[in-house]
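Engineer: okay, structure incoming, though there's no sequence with it:
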């Protein structure tokens, strides 16, 4: 695999990082998890994983993300494969803009762009957000908020792009990673 951008999008807690790590175990790629970016700022403010963060936090996260994406665009070796993760939701302009920014970066680098829309049952999502280690990684940990979000919102649909959609409710991260890599290979050779 050479020069691909795999973009895992799904609710916070659905397993994006775990799946990305499973992909990383199977191929030479760089993982750009949303918390790689977010935690530069989150680690300075003691978030509790339940309280809504101030807008200023997200403004600063955007600046960190811009530096990360600039580095990928201007400094990273040509032909590198990246796996990105984000919670992107339908109806949020910020989410659509970030999605398009990653797509544009892939185009700029001549990389194959594969968005992967991860879906999950609300009950399973609520169960996963309380998994050990999430709080230490400064991730959302409120099961009621996750349940409510999953029942009322929807993960962004990558309209205008070829993408994979995988329900992760009952599959392991390893199975999902394997499906993604098989799908990527098929789409790249089509």
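Structural biologist: Arrived safely, thanks for sending. All values reported here derive from a predicted model rather than from experimental measurement. Numbering: from 1, shown residues only.
Engineer: now for residue 85, how many residues are close by?
Structural biologist: Neighbours of residue 85 under the rule other C-beta atoms under 10 Å: 27. In short, each C-beta sits where N, CA and C put it, glycine included.
Engineer: OK, contacts around it?
Structural biologist: Shown in contact with residue 85 (C-beta atoms under 8 Å, 6 or more residues apart in numbering): 7-9, 16-17, 20, 31-34.
Engineer: where's it relative to residue 159, distance?
Structural biologist: Computed as C-beta to C-beta, to the nearest Å, the residue 85 to residue 159 distance reads 20 Å.
Engineer: isn't residue 127 up against residue 143?
Structural biologist: Yes. Using C-beta atoms under 8 Å, residue 127 makes contact with residue 143 at a distance of 7.3 Å.
Engineer: before we move on, which element is the nearest residue in space to residue 123 that is not next to it in sequence in?
Structural biologist: Once flanking residues are discounted, residue 123 sits nearest to residue 147: 7.2 Å by C-beta to C-beta, 6 or more residues apart in numbering. Residue 147 belongs to helix 143-152 when assigned by DSSP states H and E.
Engineer: give me the buried positions along that helix.
Structural biologist: For helix 143-152, the neighbour count (16 or more other C-beta atoms under 10 Å) marks 143, 145-147, 149-150 as buried.
Engineer: and what of stretch 21-39?
Structural biologist: For stretch 21-39, by 16+ other C-beta under 10 Å, it's 21-23, 29, 31-39.
Engineer: before we move on, what about stretch 37-49?
Structural biologist: For stretch 37-49, by 16+ other C-beta under 10 Å, it's 37-42, 47, 49.
Engineer: next, the contact list for the closest residue to residue 10 other than its chain neighbours, please.
Structural biologist: Excluding the flanking residues, the one nearest residue 10 by C-beta to C-beta, 6+ apart is residue 118, at 3.2 Å. If a contact means C-beta under 8 Å, 6+ apart, then residue 118 has 8-11, 14-16, 19, 155, 166-168, 176 as its contacts.
Engineer: helices or strands next to the helix ranked longest in the chain in the packing?
Structural biologist: In the chain, with assignment by DSSP state H, the single longest helix is helix 55-74. The contact analysis (3 or more C-beta pairs under 8 Å, 6 or more residues apart in numbering; DSSP states H and E) places helix 55-74 against helix 34-42, helix 93-109.
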